[in-house]
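sequence unknown, structure follows:
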């Protein structure tokens, strides 16, 4: 399972690089699109990283015109972020590429791809983890 996760991270990072983005920059764009405007401190918390790291990520996104900084309503000390139209277009293109299966998954038969999809959906359902504890029967 961990190897699958690592391979998917590499796959995502490679696709992000096609758009001259790091995986962290692409993830930040995704988070900002879902919740705008978003305080930089909230983005740092959501991404589980230090505020100084977010500053570097945002600086590079802003330099490319993908995000804009602003001031929070009611508290000008709080910096907020919004994705620009260009940032939305870039992320939509990146997202379309990410949704295509990586070569190892695409090489599976259509039936195996559907089976894998269904099993992963079940595993991700709330409460599904209680079925996978010590002594759980697999197969």
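Here it is on my side, so go on. Keep in mind that this is a model prediction, so the values were computed, not measured.

quick check: mean pLDDT of the strand or helix carrying residue 122?
Element membership of residue 122, judged by DSSP states H and E, is helix 110-124. Across helix 110-124, pLDDT averages out at 91.

off-centre distance for that helix?
Distance of helix 110-124 from the chain centroid (CA atoms, centre = their mean, to the nearest Å) equals 21 Å.

which one's the longest strand in the chain?
As assigned by DSSP state E, the longest strand anywhere in the chain is strand 75-83.

can you give me the neighbour number for residue 67?
By other CB atoms under 10 Å, 27 other residues sit near residue 67. For every residue, glycine as well, the C-beta is placed using N, CA and C.

which ones are touching the closest residue to it other than its chain neighbours?
Nearest residue to residue 67, sequence neighbours excluded (CB to CB, 6 or more residues apart in numbering): residue 61, at 4.4 Å. Counting by CB atoms under 8 Å, 6 or more residues apart in numbering, residue 61 touches 25, 28-29, 67, 87.

and for residue 44?
By CB under 8 Å, 6+ apart, the residues touching residue 44 are 50-51, 53-54.

could you pick out the buried ones from those residues?
residue 54 (16 or more other CB atoms under 10 Å).

just the ones of the contacts of residue 44 in helices?
Among those, the members found in helices (DSSP state H) are 51, 53-54.

want to throw those into a markdown table with pLDDT and distance to residue 97?
Below are the ones in helices among the contacts of residue 44 laid out as a markdown table (pLDDT from 0 to 100; distance: CB to CB, whole Å):
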| residue | pLDDT | distance to residue 97 |
| --- | --- | --- |
| 51 | 84 | 30 |
| 53 | 90 | 25 |
| 54 | 92 | 25 |
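
wait, which of those is closest to residue 102?
Closest approach to residue 102 among those (CB to CB): residue 53, at 27.2 Å.

looks to me like residue 68 is in a helix.
No: Residue 68: not assigned to a helix; according to DSSP: H, G, I helix; E, B strand; the rest coil it is strand.

residues contacting residue 16?
22-23, 25-26, 94.

and if we set it to 10 Å?
Contact analysis of residue 16 by CB atoms under 10 Å, 6 or more residues apart in numbering lists 22-27, 29, 94, 97-98.
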